[in-house]
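S.K.: below: sequence and its predicted model.
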Amino acid sequence: MITVNGIHVTFGRGTPLEKHALRGVDLTIPEGQFVTVIGSNGAGKSTFLGALAGDVIAESGSIAIDGTDVTRWATPKRASLVARVFQDPMVGSCTALTIEENMALAAARGRKRGLGFALSGDRRRHFRDRIAELGLGLENRLHDRMGLLSGGQRQAVSLLMATLAGSKILLLDEHTAALDPGTAEFVLGLTRRIVQENRLTTLMVTHSMRQALDYGDRTVMLHEGRIVLDVSGEQRAGLDVPHLLALFARQRGGEEIADDSLLIG
Amino acid sequence: MSEIAFFGAVEIGLVYALVALGVYLSFRVLDFPDLTVDGSFPLGAAVCATLLVAGVNPWLASLAAALAGAVAGLVTATLNVRFKILHLLASILTMIALFSVNLRVMGRPNVALLMQDTVLTPFYGLGLPDHMVRPLVVAVVVVAVVLLLARFLGSEFGLAMRATGVNARMARAQGVETDFHIYTGMALSNGLCALAGALFAQTNGFADVTTGIGTIVVGLAAVIVGETVLPARTMLWALVGCVVGSILYRLAVQLALSADVIGLQASDLNLVTAVLVAVALILPRVRLKAGRKTEAAR
């Protein structure tokens, strides 16, 4: 469960480029819920995810995960509770390390790292079994460097890595945005399966309204650092992309949506 | 090249192999360009020599030297991590400061170790000539360090350190305290360089504040030569590559200096080293460009 209470984030305070990225976001996500987050460029989606992950520390308000106040925790400490997949496959993995080394790194998330071997025979077998589940034939390439994989393969492995250490919360930051449509579809299907199997509380930021409605059980729209729309259940089931746009426009007092990227998909 | 010159080159190559391993840790593993080395190498020599003159056990003196180097590494890491000074500049500050520190430690610019017992003393007179004993003893130390380091970098802690250098953002998202790993890696790196300085003082019979100049370039040269002749797939081989690179580099230098035709003097060493490192850094790019051109021509 995630409880966010009135968080504010400002970048470059006191400079001409000051940006009030989050202006009092409140959100409670019950355990096991899959929330999709949409919004135009600069709406604060990534900042919000960063605030949950610990990359950005909120200047006011509070964030609690499973009842623990994590508002002041830095990223490495929060990693014991939060797993992440990044938009850029290069950011989410160590390209110079092998696949199995990346997996070993993720498997130790939230644990103290000692001087025991990172890769023992047992662990290698475990990783081989897990990566075989992806059905990509990567089980024979564990010694390959991560950088040799395609973007889609890397995102699939990143998703798998997010489940190796058994955290409760999964943050997906436009993790299919850098992929071609077919691969994106595959990764999204995999996402759905992994979220269900591990009963993860999930937040998925996406640029596509279609994806936002097709996946998950609740959709939240951010605009200028605030949540302007929050739909779930039957109301959401009856929504289509044009409806969503109309709802969004009404929320903004009839303001036209200028950002084309919102309409794609 | 005479036999003595050959073993001398191997000996100095083995001593600087420890520097190469330290430089590998900072430059390659942590991606932290660290010039502290130019100060921590003579610091190790100074601490060790001073303690030897004071009658301390040679192995203890060497250990103390390594610890002093580790502290120097921590200073640089603190300037960078805690106070956000650019890594290169942070290391230059420590390096400059160490010059004064080294003078203070010794109380004068150099210390001679002519009559002192060193780690080598027990092995002289066992039947082998001295010029073979020295590289052998240093080799044992180097092999031990390589094995320990490979074991360390293969551990969960070591893997987290490697991830810190490759992709700090990802490492943090995986719960790695990247700052802590930079501190540890820098301490280890400069500890090794100071140990090299301690061994240098004991094999050469003196410690001098000026021996540090260019240490970083020599270490880097060894790492690059090693990577070129021994492209490694595993951590252990990468470390072995540093050692091999260091020895090959010294042999090449010895060969160049002993070939009278070229007309090089010992004083040209730093120039030759700098040119060699520059060429080694430029070559891969030129090759890449040439490759692209031939592709375009097709």
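M.R.: Cool, got the structure.
S.K.: does A:Thr3 sit in a helix or strand, and which one?
M.R.: strand A:2-11 (DSSP states H and E).
S.K.: hey, where'd the strands end up in the chain?
M.R.: Unless you meant another one, I'm taking chain A. A:2-11, A:19-29, A:34-38, A:60-65, A:68-69, A:82-85, A:169-173, A:201-205, A:218-223, A:226-232 (DSSP state E).
S.K.: can you look at chain B instead?
M.R.: Under DSSP E, chain B gives strands at B:110-112, B:206-208.
S.K.: any idea which of the ones you listed gets closest to chain A?
M.R.: Closest of the strands of chain B to chain A is strand B:206-208, at 33.4 Å (criterion: CB to the nearest CB). Where you see a C-beta, it was placed from the backbone N, CA and C, and this is true even at glycine.
S.K.: so A:Ala106 touches B:Ala173, yeah?
M.R.: No. In this structure, A:Ala106 is not within contact of B:Ala173 by CB atoms under 8 Å, at 9.3 Å.
S.K.: could I get the pLDDT score of the closest residue to B:Thr184 other than its chain neighbours?
M.R.: Spatial nearest neighbour of B:Thr184, excluding adjacent residues (CB to CB, 6 or more residues apart in numbering or on different chains): B:Met161 at 6.8 Å. B:Met161 is assigned 97 on the pLDDT scale.
S.K.: what sits against B:Met161?
M.R.: B:Val29, B:Leu30, B:Leu153, B:His181, B:Thr184, B:Gly185 (CB atoms under 8 Å, 6 or more residues apart in numbering or on different chains).
S.K.: one step back: looking at the strands of chain B, which is buried most?
M.R.: strand B:206-208 (a mean of 22; mean count of other CB atoms under 10 Å in any protein chain shown).
S.K.: now do that one: everything it contacts.
M.R.: B:42, B:45-46, B:48-50, B:106, B:109-113, B:197, B:201.
S.K.: looking at those, which are in helices?
M.R.: In helices, judged by DSSP state H, the following of those are found: B:Pro42, B:Ala45, B:Ala46, B:Cys48, B:Ala49, B:Thr50, B:Met106, B:Gly197, B:Ala201.
S.K.: nearest to B:Gly245, of these?
M.R.: Nearest to B:Gly245 out of the ones in helices among the contacts of strand B:206-208 is B:Gly197 (CB to CB; 19.2 Å).
S.K.: I'd say that closest one and B:Gly69 touch.
M.R.: Yes. B:Gly197 is within contact range of B:Gly69, at 7.3 Å (criterion: CB under 8 Å).
S.K.: okay, the two: which has more neighbours?
M.R.: Per other CB atoms under 10 Å in any protein chain shown, whichever of B:Gly197 and B:Gly69 has more neighbours is B:Gly197, with 35 against 32.
S.K.: OK, contacts around that one?
M.R.: B:40-46, B:48, B:65, B:69, B:207, B:211-212.
S.K.: make CSV out of these and add pLDDT.
M.R.: Putting those into CSV (pLDDT from 0 to 100) gives the following:
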residue, pLDDT
B:Ser40, 98
B:Phe41, 98
B:Pro42, 98
B:Leu43, 98
B:Gly44, 98
B:Ala45, 98
B:Ala46, 98
B:Cys48, 98
B:Ala65, 98
B:Gly69, 98
B:Ala207, 96
B:Thr211, 92
B:Gly212, 92
